[in-house]
Every structure is written in structure tokens, then in C-alpha cells.
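Peer 1: here's my sequence, what's the structure:
(2 chains)
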Protein chains: 2
Amino acid sequence: MEAALSHLITQIKPVSPAWLARAKERLDSLTKPRGSLGRLEELAARYVGIREELLPPMNKKRVVVFAADHGVVAEGVSAYPPEVTYQMVYNFLQGGAAINVLARHVEAEVEVVDIGVNHDFADNIGLIRSKVAYGSRNLAQEPALSREEAVRAVWVGVERAEEAVSEGVDALAAGDMGIGNTTPATALAAVFTGRPVAAVTGRGTGIDDVALRRKVGVINRALSLHRPDPHDPLGALAAVGGLEIAGIAGLILAAAAARRPVLLDGLIATAGALVAARLAPAVIDYLIAAHRSVEPGHQIMLDTLGLSPLVNLQMHLGEGTGAVLGLGLLEAGVRVYREMATFNEAGVSEV
Amino acid sequence: MEAALSHLITQIKPVSPAWLARAKERLDSLTKPRGSLGRLEELAARYVGIREELLPPMNKKRVVVFAADHGVVAEGVSAYPPEVTYQMVYNFLQGGAAINVLARHVEAEVEVVDIGVNHDFADNIGLIRSKVAYGSRNLAQEPALSREEAVRAVWVGVERAEEAVSEGVDALAAGDMGIGNTTPATALAAVFTGRPVAAVTGRGTGIDDVALRRKVGVINRALSLHRPDPHDPLGALAAVGGLEIAGIAGLILAAAAARRPVLLDGLIATAGALVAARLAPAVIDYLIAAHRSVEPGHQIMLDTLGLSPLVNLQMHLGEGTGAVLGLGLLEAGVRVYREMATFNEAGVSEV
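Peer 2: Alright, predicted model coming up:
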């Protein structure tokens, strides 16, 4: 399966400046001062470049929420008990979670993927069943995943993107659910940004100072134990990552190969993006940082990727909640680009 | 009419902390870590406080775009010729402008008000006809408006808000069109923030360095000539303001009196907000700063009002374009508040 992944990676091409220029030309013909819609114009141009079409459609948007558990919760790194992961999966499937509401608001579909939840779900509940394992192992004591598990989980994400594209999805958002998952995401942040663990570690869903110190200690211990190599992203992902992070990395790789943008959410999705970008740097052209999370590591990770978040609304929920707000802004930019009248069409004097 | 305005102002009451607390209680019962939706939660609580209902509706949103011309364009302060004001009004009515596209995107209605355009519009084109004058006079040489014109224009805004509320509008956004209008807005910014003209003056739709220096000179001359008094907001509005700015001030006053939020756009709308807040400080509780404009005076004006913009997307178009994006975010917050499941309902373990 690593060979299939290598093949997929060869299909990812950078976005061409010629398409960005073509988009800018149209944007400058529309009835507004040049550049006056700021980042909405940037999003529109980026989307045209990604799609390589002069008037690309924006009909179908989807957030893929990968859910998994984490053995590291045994170390007391989370404010919530681990059963919340599967309880929230049921909440997603019933439409009652924040991601459901915000996805309805921006008219995006929600797909929920069991990539590694420590629970046997009931049948026929609308869940995508792609369980690689019943959660990761405790990364403070042993590798979170085997390399083979990590690659299988990446491939689950590849399949989600490929199915989305075959179903006509124009833009994807990456979401996550997994009690404890800011710990592996932060460990990967330290590996790929090279910053000290304490500088990138935050409170996740709301731990206190004592638990925060414990979390930093756990991550430092894991890094000493496994010595993950940033130049072996799959190895690092296996050592200190998690199944939903792997799924997000795969989603990004396959979306980029199929020329579709992926809106990043916060810490977890951006950890997946770091893995994907180490495997295939050109994926960065397909990534849009939707928001800046409250988590201190997030901005550092975005800086490493060279991405600037669209909004900072002091959010830190995960699930893809920030990413779907970004889907709404992306669509706003694309609609401006597609639907506004030109100076000629509207009979408005140009400068 | 100034007496009617004084009466309206007596009806504006601050938002009650008790309602904000009630909203927060519900927010904390929803299936998410407390406060994890950041400013979306703040918007929801604010809206509950404004409406004084535990589950207030959010069905109808409207942006009111006030259009007017400005005699000060004779001084060469704008990159665009003045006929663009009426040309853009036609563009709004045909649905081809940025505000139309973005309003469609967030499902808000667009109302276009001729409050002072230097043009006789065709009949039956869907325009609200409330022309107070064929534009303001050149504020560098004489008062822009008579006090009576300023008050009549404020009252036009009052009527737009009252009609909106009677038609079931839940949230309003303030928009503007008027070639040359960053000059009066900046003059009012200087008056009400007390900052030097050069510190609050920007490039509007895109003037060069020479025109920027000219614009600073024109505003300084006008302030020396009229010596507008910040403690007489209607006098200052008349001396160095404009008709659309007056309309926005009136919209805000009447919206606050009727307990409806107003999303502010950029420099022009915020100049109207400064006038309204000087007349009735409690209106600030009803104002939501949707975005931070590229105009350097804008953040300074927002600081004076004690408002923090929701997003910074490097926009500087006006028309209400930033404000309608804010309407979308407000609705997102209200929907989260109304539609999310509680921990109890979803059977999710609480901390």
C-alpha cells in the first residue's frame, strides 16, 4: 500500500501561476476597485488555479470527520472521558453537534468516518466503517500505530477523497473527533516544526495547569522514546500520531491529486497537513487554512506550511467547525468571481 | 424632526447582563467544550440579549445600502468619477455588484436607498426614493449639509429600520455607496476619535500618494473651517458628513430602539456608528463590527466604540460587503445556539 501511496503522490502538481493570472484578470474586470475584496479574491483565484477552469463550479461541499481513539488518554491528558469519542459520533449521525449545525449553515454535507474508534457501532446509522484499529496505543509507552496501520489509515483518507470527487464534491473540509487527540497532534507539531514541546502544547478541550504540565511531559517522553524523524513522515505518524490524523493526511493527498481544495480546521487537521506536506510538498497549494485555533501550536504549524488563516474567532472545538466556516468563505469568493457583473456589462465607468 | 429623534433616543436601552447570562447557561449545556466556539458563542449571547428572548428567531436578514454623492469630489479626492455612484445604484438594482452576490450567499435581502444621489433615476426599478438632496456640498468650502438636511437624512435611516422591523427583519447590515465618501467619513473619524487627520486617512478606492496628501489637506482645511464639535454630533455630521452616513446613523438608532442588531461594514458605516453612539451611547450594545477594513482609520474608530471586528479579510469595498459576511457569522452563532443538542439530549458525558 505504500507503493500505491507513492504513485498517488506523483500525481500531485503545483498550482500553475498562469491560471492564477487568468483568474486575476477576470477579477479586475468586475465592478469593484481592484483587489478590494481582499482575501475573497485570493480564494477565488486559488480555486480557479486548483480546478484549471475559467469558471469552475462550486456546487457540492463536504466535511469529512474522521473519528478515532487514543491510548495516550491513560496518561490523563484530556479533560473528557474517552467514551465521549463514540458518544459524539452518535451525536454527529443524529445531527446535533456543532459540525452538523455549521455544515447545514454553509450547505455542506457531513461524512463521519470510524477510522479507529474504540466502540462497536450499531448497524445502519449512516457511518462510514473504515476502522483500522480500536484506537491507537499509548504513545508514551510504545508506538501509537504500526507503520502498516498508519499507511492503512492514510489510505482510508485517500478513499474518502476519491469517493467525494467521484460524487461531484467541489471542495472538502477536514474534520476530526478523538478524545486525547491534541496530544498526538502536538507531538507531530513538535516533530515537523522543530519547536520545543512546551511552545506548541495547549489545553485542548480545557485541561488545567497540572494536566497541561503532564501533557508536555508525556509528549517529551514519547519523543525521547521514539525519536521520530521528520524526514520519515509515515514513521513519525506511526510513532506519535493517530488514526484520524492519518486519515486527514490521506484525504489531503488524494484531494490534491484530484485538484480539489481542502479547508483545514485546527490543530488536528493541520497535523495531518504537515504529514501530507512532508510526503508531497505541492499539496500546500491545495490547502486553505480556514481559521486560527486558540491552541498555541496551531499558528506555528501554519507558519511552517506558509499558510495564513482566514479568520480568528477564538475557536478551539475541532470536528471541522472552523473548516466549514472556511468553506463558506471560499464559496463567497467563488460566487463573487462567477456572479459579479463586469464594468462593461454594468455600464460602470472604469478608472 | 430633531424632537422626534430625541424621543427615539430615549427608547434605546442597554442590553441586560441577565439575558447574556441566560444565553451563556444554554451555550454551556451544548455538546462542546465550554466556550470552544469562541466569538460565535459571543454573537449568540449578544443576540439573545438584544432580542430578550431565550430562543430568538433568525429568519430574515437585510442589508440597507444608502447611496449619496459628495461635493468634495471637486477637490480630486477620489480615484473614480462621481457618475459611478448612480451607475453602481443601477448595478445594485440589477443584482451584479459585490453586495448582491455576497447578500445572496448569506441569504440576506438588499435594499437600495437613494438618500442623496446626483441623478434622476428611472421609475419602477425597485429603488427606495428618499432623496434629501442631489448630494452634499463641498465640505472644503462650506458645510456639507444644513443641519435640517442632516436630520432629515438621519430620519430616512430611522424609517428604513422601522420598516425592516415591521417586515420581520431580524438583523440588519449597514451599507453605503458614494464616490468620495471616505473623505467625510474620515473627517468624522478625526472629529470623534480625536486623532490627527493623517493618522486616520487612507486610500479609499485606490488613490495614489499625491491624491492621498491632497485628501489629508482637504480634511484638515474643512476641520479648520467648520471646527465641528464632537459634543454636537448632528452639527458635526452636517458640517463634514454626508447623506449616506447620516442614513446609517439613523438606521442604527432605530434598530437599537427596536432591539435589532446592526452589522457594521467599514469606514463609512462606522462613521455613522460614531454619530449614533454620540447621540445615544447605548447603541453600541446593538452594534457588531463585522470586519476590519484596510482603511487605517477604521480600527481606530472601532477602538473608540470598543468594538472588535469579527474578521480581517483585507477588504475595502464598502457597499455593506463586510457587513453581510458578518450577518452570516451572526446567523452561524445563533444557529449553533438554537440547534445544537445538549449533553443530556445527546447522551454525551460531561466533564
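Peer 1: quick one, strands of chain A?
Peer 2: A:61-68, A:109-116, A:128-129, A:171-177, A:262-264, A:287-289 (DSSP state E).
Peer 1: so for B:K131, which of those sits nearest?
Peer 2: Closest approach to B:K131 among those (Cβ to Cβ): strand A:61-68, 42.5 Å. In this view, the C-beta of every residue, glycine as well, is placed from N, C-alpha and C.
Peer 1: where's A:A103 relative to A:V110, distance?
Peer 2: 5 Å (Cβ to Cβ, to the nearest Å).
Peer 1: ok, now A:T31?
Peer 2: Taken as Cβ to Cβ, the span from A:T31 to A:V110 is 36 Å.
Peer 1: count the neighbours of A:D123 for me.
Peer 2: A:D123 has 7 neighbouring residues, counting by other Cβ atoms under 10 Å in any protein chain shown.
Peer 1: what's the answer for A:D120, then?
Peer 2: When neighbours are counted by other Cβ under 10 Å, A:D120 registers 10.
Peer 1: need the strands of chain A in JSON lines (columns: mean neighbour count, distance to A:G204 and mean pLDDT).
Peer 2: Output for the strands of chain A, formatted as JSON lines (neighbours: other Cβ atoms under 10 Å in any protein chain shown; distance: least, Cβ to Cβ, whole Å; pLDDT from 0 to 100):
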{"stretch": "strand A:61-68", "mean neighbour count": "29", "distance to A:G204": "15", "mean pLDDT": "98"}
{"stretch": "strand A:109-116", "mean neighbour count": "24", "distance to A:G204": "18", "mean pLDDT": "98"}
{"stretch": "strand A:128-129", "mean neighbour count": "14", "distance to A:G204": "25", "mean pLDDT": "98"}
{"stretch": "strand A:171-177", "mean neighbour count": "31", "distance to A:G204": "12", "mean pLDDT": "98"}
{"stretch": "strand A:262-264", "mean neighbour count": "30", "distance to A:G204": "18", "mean pLDDT": "98"}
{"stretch": "strand A:287-289", "mean neighbour count": "26", "distance to A:G204": "20", "mean pLDDT": "98"}
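Peer 1: what would those strands look like in a markdown table with distance to chain B?
Peer 2: Converted to a markdown table, these look like this (distance: least, Cβ to the nearest Cβ, whole Å):
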| stretch | distance to chain B |
| --- | --- |
| strand A:61-68 | 13 |
| strand A:109-116 | 13 |
| strand A:128-129 | 20 |
| strand A:171-177 | 11 |
| strand A:262-264 | 15 |
| strand A:287-289 | 13 |
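Peer 1: out of those strands, flag the one nearest A:V151.
Peer 2: strand A:109-116 (12.8 Å).
Peer 1: for the stretch 201-350 of chain A, what spans make up the helices?
Peer 2: Taking DSSP state H, counting those that start in this stretch to define them, one finds helices in the stretch 201-350 of chain A at A:209-226, A:233-240, A:243-257, A:267-279, A:296-305, A:321-339, A:343-346.
Peer 1: B:D285 versus the nearest residue to A:R51 once chain neighbours are set aside, what's the distance?
Peer 2: Nearest residue to A:R51, sequence neighbours excluded (Cβ to Cβ, 6 or more residues apart in numbering or on different chains): A:R259, at 6.0 Å. According to Cβ to Cβ, A:R259 and B:D285 sit 47 Å apart.
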